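What follows is a protein structure lacking sequence information:
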């Protein structure tokens, strides 16, 4: 690359025109800029230095304009110099192939390898399978799904009376089978609901098939108590209680219990509001530690909190030392009142306690009861303890049941499709007495319900809320307070779940 001294001298605009060659248009423009710049600069060392730098760049610009090829060549040469420098630096790193290497060789021989293989082969191989029985099952079908290839077991299942319970009766039995590597049964356990309906929610049936010390198959049947864990959940009402509980993953059985627990506080037919919230702690049932499949695996509601139209209602399940259980609010007042709010668990009020146009008599008259619309066959329950006074057909009432609740209180249940009680029978609150129908003077299936006090008709929808409640005695209050405090803390955790369910323990 040429030095700066070899560049042609800059043409000073102050020199005569004949002292320089004819300037190009670019030279004239550069000279003009230089002249204007000098005219604006003040005198002094800094001004002179700046003028010298401008003059140098002016000369470089003219030279680059006159010799573009030489400028490009110089640039390439500079870059090549950098490349050579990099190439020269790279070989300074050590060559991996020339580094010293050390090879270590060590002989290893497993000790008694054949003995280890024999011991491994001698280890028993245990296979476990879990299945649910089906309605069309037979002994062979159950064995096939369990992966059992056992002629002795097949013969045993066909001849043993207890073993037939495995595939007969209700489907959905939980079956757990253990077999060896050849498919021979070692032990089989089937778990399913208790055969006694009264123990449905508290016990389960266990059928066991296993080999004795001599290797012979034996069967054993027993009824065992259910275990439980606690679950908690919360939800918000958007359309109905069941829709909200389904969205929160809460079993229908728990939803029904909640409606029952709060039936004296909330009329779920008329008072449920969009935006109401609830939280609940309930039992999740297990059989020998395995979650059960019947009744959606749900036990009892342990505690619940419901906010309806801004009003808070709470309930805690308290079991007395004698074994009797009941629901109380946080102040120790029983949630069970003398009368339920409705004789139906879920329905809608189609006609209230007021004047109405009679659909059959075609005239306005007082309706002295409440009509609940529900499908035929819907269970009807007694709203309170009492004795059956009438059970049979009665004119326009059709099939009717009347219950005397002590003193001067009487309830009437009309248009029933069936009657499940007899005259003179003692009945408990919530017990089934019949089913919804359309007998007598009825235009469709519904229940006509009346409440009479000393022969005078009263509005049934106001009776339950005015009924008296029971209160815990002083001796039970400390134990109840401790229980309620723990469950109340769990309900607060349930509120934080925001519409989901979770396991406590």
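Great, that's in hand. These figures come from a predicted structure and were not determined experimentally.

Give me the domain ranges for this structure.
124-225, 228-338+479-503, 348-467 (automatic domain parsing).

Output these as JSON lines; include the columns mean pLDDT.
Converted to JSON lines, these look like this (pLDDT from 0 to 100):
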{"stretch": "domain 124-225", "mean pLDDT": "90"}
{"stretch": "domain 228-338+479-503", "mean pLDDT": "87"}
{"stretch": "domain 348-467", "mean pLDDT": "83"}
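
between the ones you listed, which gets nearest to residue 58?
Ranking these by proximity to residue 58 (Cβ to Cβ) places domain 228-338+479-503 first, at 77.1 Å. For glycine as for every other residue, the C-beta is placed from the backbone atoms N, C-alpha and C.

Between the two ends of stretch 188-201, what distance do you get?
24 Å (Cα to Cα, to the nearest Å).

quick one: buried residues of that stretch?
Residues 188, 189, 190, 191, 192, 193, 194, 201 are the ones in stretch 188-201 that count as buried (16 or more other Cβ atoms under 10 Å).

what's the fifth one in contact with, if anything?
What that stands for is residue 192. For residue 192, the contact set (Cβ atoms under 8 Å, 6 or more residues apart in numbering) comprises 169, 170, 172, 173, 174, 204, 205, 207, 294.

among these, which ones are buried?
173, 174, 204, 205, 207, 294.

do you know how far the second one is from residue 298?
Distance, residue 174 to residue 298, by Cβ to Cβ, to the nearest Å: 16 Å.

Kindly report the same for residue 372.
For residue 372, the distance to residue 298 - Cβ to Cβ - is 26 Å.

cool, and residue 393?
Taken as Cβ to Cβ, the span from residue 393 to residue 298 is 39 Å.

ok, these two, which is more surrounded?
Taking neighbours as other Cβ atoms under 10 Å, residue 393 and residue 298 compare with residue 298 leading, 23 against 13.

and the residue nearest to that one when sequence neighbours are not counted, what does it touch?
What sits nearest to residue 298 in space, not counting adjacent residues and going by Cβ to Cβ, 6 or more residues apart in numbering, is residue 251, at 4.0 Å. Residue 251 makes contact with 245, 295, 296, 297, 298 under the criterion Cβ under 8 Å, 6+ apart.

So residue 294 is in contact with residue 172, correct?
Yes: with contact defined as Cβ atoms under 8 Å, residue 294 counts as touching residue 172 (6.5 Å).

The stretch 151-300 of the chain: helices as residue ranges?
151-159, 241-247, 252-261 (DSSP state H, counting those that start in this stretch).

Go through those helices and pick out the most buried.
Most buried of the helices of the stretch 151-300 of the chain, by mean neighbour count (mean count of other Cβ atoms under 10 Å): helix 252-261, with a mean of 20.

ok, and what's touching that one?
241-242, 245-246, 268, 278, 280, 282, 295-296, 298, 300-301, 304, 306, 315, 327, 335, 345-346, 430.

Relative to the whole chain's centre, how far out is it?
18 Å (Cα atoms, centre = their mean, to the nearest Å).

Use 48 as the first number for this chain going forward.
Yes, from this point I'll number from 48; that puts the last item at helix 299-308.

For residue 319, state which of the contacts of residue 298 is nearest.
Nearest to residue 319 out of those is residue 292 (Cβ to Cβ; 12.5 Å).

Distance of the closest one relative to residue 272?
27 Å.

what's the answer for residue 160, then?
For residue 160, the distance to residue 272 - Cβ to Cβ - is 52 Å.

ditto for residue 499
Look at residue 499 and residue 272: by Cβ to Cβ, they are 44 Å apart.

where along the stretch 448-552 of the chain do the strands fall?
In the stretch 448-552 of the chain, the segments counted as strands under DSSP state E, counting those that start in this stretch are 456-466, 473-474, 479-483, 493-500, 503-505, 516-518, 548-550.

if we compare these, which one ends up closest to residue 178?
Using Cβ to Cβ, the nearest of the strands of the stretch 448-552 of the chain to residue 178 is strand 548-550, at 24.7 Å.

circling back: which of the contacts of residue 239 sit farthest apart?
Largest separation among those by Cβ to Cβ: 254 and 341, giving 15.1 Å.

Who are the contact partners of the nearest residue to residue 179 once chain neighbours are set aside?
In space, and not counting its chain neighbours, residue 179 is closest to residue 219: 5.6 Å by Cβ to Cβ, 6+ apart. Residue 219 is in contact with 179, 180, 239, 340, 341, counting by Cβ under 8 Å, 6+ apart.

Please tell me how far residue 102 sits from residue 177.
Residue 102 is 97 Å from residue 177, by Cβ to Cβ.

Looking at the two, which is more packed in?
Applying other Cβ under 10 Å to residue 102 and residue 177 shows that residue 102 carries more neighbours, namely 14 against 10.

Does the more buried one fall in a helix, a strand, or a coil region?
Under DSSP: H, G, I helix; E, B strand; the rest coil, residue 102 falls in the helix class.

So in terms of bridging, what pairs with the nearest residue to residue 269 once chain neighbours are set aside?
In space, and not counting its chain neighbours, residue 269 is closest to residue 253: 5.2 Å by Cβ to Cβ, 6+ apart. Beta-bridge partners for residue 253, by DSSP bridges, are residue 238, residue 269.

what about residue 253, neighbour count?
Residue 253, neighbours per other Cβ under 10 Å, totals 18.

Test my guess that it contacts residue 273.
No: with contacts counted by Cβ under 8 Å, residue 253 stays clear of residue 273, the gap being 11.0 Å.

so what sits against both of those two?
What both residue 253 and residue 273 touch, as defined by Cβ under 8 Å, 6+ apart, is the set residue 334.

what's the span of stretch 371-379 from first residue to last?
15 Å.

now it, how far from the centre of its chain.
For stretch 371-379, the distance to the chain centre is 28 Å (Cα atoms, centre = their mean).

Stretch 239-250 now?
27 Å.

mind checking the end-to-end distance for it?
End-to-end for stretch 239-250, by Cα to Cα: 9 Å.

Now do residue 304 against residue 527, distance only.
From residue 304 to residue 527 the distance is 20 Å (Cβ to Cβ).

swap in residue 283?
29 Å.

Residue 486 too?
46 Å.

Residue 417 pairs with what?
Counting by DSSP bridges, the residues bridging with residue 417 are residue 496.

number of nearby residues for it?
A count of neighbours around residue 417, defined by other Cβ under 10 Å, yields 22.
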